[in-house]
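[1] sequence first, then the predicted structure:
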Amino acid sequence: MECDGVVHAKNGNDQNDTKFADRLEHSLEIGTKKSGANNGEHHCNKYVLEVISDNDQLRMLEQYAIDYAHSIGLVTPISDPPDGKLTNIYAIPPPIALCPSPFPRELYDHAVNVQQAMNELYFRVASDHDFLMDAFKDVVKGDPFMARFVQIAKMVHDEGIHQPLAVQLQRADYMAHWDPSDGGDGTMALKQVEVNIGGIGGSGFGSAISKLHQKVLDKVAIEHGGQPAILANSEAPVNRSRQNIAYALYQAWKLFGDPKAVFLCLGTLDITYFEQLQFIQFEVEKLGKQQGDLVNVLILSLTDASKRIFLNESGDFSLYLDGTKRVALVHITDGNVPEEFPTEHEWTARTMIERSNAILSPNIRFHLSCTKKIQQVLSKPGMVERFFPDDPKRVALIRGTFTGLWGLEVEDEATREVIEDAIRSPANYILKSQVEGGLGNFFDHQMAQMLQQMSKEERGAYILQRRINPLVVKNYLMRQKMPALLEDVVSEMGIYGSLIGDQSNRRILHNAFDGHLVKSKRSDVNHGGLCCGGGLIDSLLLFPMAQILDKSNGH
């Protein structure tokens with residue numbers, strides 16, 4: 001449910017940045033001088049300064065990474081080829097980090113260990129119609145787009161749900177929050193940025209970038225005549241996100257019980273992510289062939305589907321494509337922003353899909369469950385406990401990832417105080433709407449101005465989130481058509497999970513942790529989305545937290 005998938009290259013990425021020349025010069029200076037590599041100043045947060053010894057090695061590794069990216073399909077179509085149209089004839093690697101970014105092993109383990117509980121929490125939320133309707137009662141007053149989804153959810157519930165089985169593909173995004181303390185080096189904790197369900201970008205590239213980074217580290221070891229000592233306690237976690245996400249979708253297709261029924265992916269190929277749809281298509285077809293199934297995976301935009309699908313309302317509510325192809329499974333990555341509903345035909349098609357007996361990934365209830373509003377409501381006292389009344393350990397594990405979240409719909413003293421504090425100290429907060437992909441996030445002066453101008457009804461469509469103080473590390477960032485630059489980097493780790501369940505009785509058929517994706521950005525950039533911000537694709541190199549918390553971490 002977000003647009004952080006593939007970046008399509010554009011001429012002059014970051015070339016208009018007035019600081020670009022200074023950053024390039026600074027990067028070259030550091031690469032040449034190694035910034036104290038021989039005087040004990042280096043530790044794991046800056047390991048790239050020690051393993052990459054000079055600019056000649058940097059440029060060699062940069063070309064090595066680009067060549068390897070092409071060899072494993074870590075590429076994306078470019079948006080400005082000679083004919084001016086997006087095409088799969090021209091492709092280059094997306095923006096990537098040259099090396100995996102350091103991250104505390106203990107926080108990675110926390111995120112992995114909580115993922116199945118997070119899957120089940122959102123499954124239970126999506127299965128509780130009354131909870132969803134109550135949570136959105138104020139949002140719909142100020143957000144007409146979300147109001148349409150709530151309207152569809154009510155209609156489907158009142159009519160009667162024709163397919164109790166549902167698929168949840170989740171990516172829970174986290175940062176390593178650094179909390180300074182007087183007289184010490186501070187502590188770090190895992191803090192949740194957001195939860196995405198459905199059209200989760202990056203699962204294809206997540207596996208590929210992990211593979212590329214392992215190749216780069218292998219090359220570094222060859223260059224050094226063995227593994228550099230600074231990497232002795234490091235570990236690159238196994239990442240099979242592409243294969244695992246495809247496996248969950250394949251199992252859902254099989255559960256429909258009709259081997260001739262098609263698997264329909266809804267996505268706009270000219271603006272959505274190559275890796276998010278085609279990689280899944282290829283992997284599901286491969287799994288089917290291995291098990292003797294011929295899975296027909298088709299990719300259509302919501303607009304195209306609106307012209308080609310038909311609902312058998314007089315029968316069993318089967319969904320058909322082109323009149324004869326019964327649809328078993330619909331994986332929805334299109335229709336998450338208002339622009340993807342240019343006419344009523346798209347709304348009619350989405351409603352038709354929701355009313356059908358096809359298994360959906362996600363259905364409308366899961367779509368509502370992963371919004372910022374639900375994230376905020378779940379942070380309130382007693383809300384997670386509502387869904388896990390007899391499991392305090394899981395409640396504690398989940399709650400341990402929460403940061404400060406506030407709804408703005410209530411006119412009370414507590415709400416007024418947090419709004420006033422956000423206006424006074426905007427650097428401490430982010431204002432978030434229900435729009436996905438980072439497009440609905442507002443920072444600093446813009447946020448303060450919006451809070452001063454919005455009506456109570458308008459405020460109800462937003463939440464406030466306390467800003468996370470992320471760990472800052474060094475890495476070389478490779479933007480498209482630009483040389484690699486040494487930057488201060490912050491990383492957002494997305495943990496993938498999948499769940500298949502029966503929402504009529506809350507029976508879970510499949511619940512798994514599926515891998516990870518890392519989105520990194522310069523530490524001075526607010527928007528870190530991959531297609532609508534300054535983000536790059538990255539992976540993890542895990543170190544013990546004590547080593548990460550070394551006094552030279554730069555905070």
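    Arrived safely.

[2] ok, which stretches of the stretch 51-200 of the chain are helices?
    With DSSP state H, counting those that start in this stretch, the ranges of helices along the stretch 51-200 of the chain come out as 55-71, 105-126, 129-135, 139-142, 144-159.

[3] by contact count, what packs against the last one?
    So that's helix 144-159. Counting contacts by 3 or more CB pairs under 8 Å, 6 or more residues apart in numbering; DSSP states H and E, helix 144-159 is packed against helix 129-135, helix 139-142, helix 344-355, helix 364-369. Just so you know, the C-beta spots here come from the backbone N, C-alpha and C atoms, and that holds for glycine as well.

[4] rerun at 7 Å
    Under the contact criterion of 3 or more CB pairs under 7 Å, 6 or more residues apart in numbering; DSSP states H and E, helix 144-159 touches helix 139-142, helix 344-355, helix 364-369.

[5] and what of the third one?
    Packed against helix 129-135 by the contact rule (3+ CB pairs under 7 Å, 6+ apart) you find helix 364-369, helix 372-378.

[6] relative to residue 108, which of these is closest?
    Closest to residue 108 of the helices and strands packed on helix 129-135 is helix 372-378 (CB to CB; 21.2 Å).

[7] packing partners of the closest one?
    Packing contacts for helix 372-378, counted by 3+ CB pairs under 7 Å, 6+ apart, involve helix 129-135, strand 187-197, strand 405-407, strand 463-466.

[8] any stretches of this protein with poor pLDDT?
    Scanning the chain for pLDDT under 70 picks out 1-42, 79-87, 181-186, 269-276, 436-439, 526-533, 551-555.

[9] so residue 173 touches residue 494, yeah?
    Yes - under the criterion of CB atoms under 7 Å, residue 173 makes contact with residue 494 at 4.7 Å.

[10] who has more neighbours, those two?
    Higher neighbour count among residue 173 and residue 494: residue 494, with 27 against 21, using other CB atoms under 10 Å.

[11] what strand or helix carries that one?
    Following DSSP states H and E, one finds residue 494 within strand 485-502.

[12] what's the spacing between the closest residue to residue 378 other than its chain neighbours and residue 169?
    Closest residue to residue 378 apart from its sequence neighbours, by CB to CB, 6 or more residues apart in numbering: residue 384 at 5.8 Å. From residue 384 across to residue 169, the span is 21 Å (CB to CB, to the nearest Å).

[13] who has more neighbours out of those two?
    Taking neighbours as other CB under 10 Å, residue 384 and residue 169 compare with residue 169 leading, 29 against 23.

[14] what's across from that one in the sheet?
    On the basis of DSSP bridges, residue 169 is bridged to residue 498.

[15] contacts only, for it.
    Contacts of residue 169 were listed using CB atoms under 7 Å, 6 or more residues apart in numbering, and they are 197, 198, 200, 245, 248, 361, 498.

[16] closest to residue 67 among the residues you listed?
    Ranked by distance to residue 67 (CB to CB), the contacts of residue 169 are led by residue 245 at 27.0 Å.

[17] give me the number of residues near the closest one?
    Close neighbours of residue 245, defined as other CB under 10 Å, add up to 31.

[18] and for the one 5 residues further on?
    Residues within reach of residue 250, counting by other CB under 10 Å, total 24.

[19] which SS class is the closest residue to it other than its chain neighbours?
    Sequence neighbours aside, residue 287 is the residue nearest to residue 250 in space, at 4.5 Å (criterion: CB to CB, 6+ apart). Three-state call for residue 287 (DSSP: H, G, I helix; E, B strand; the rest coil): helix.

[20] quick one: contacts for residue 287?
    Counting by CB under 7 Å, 6+ apart, residue 287 touches 246, 247, 250.
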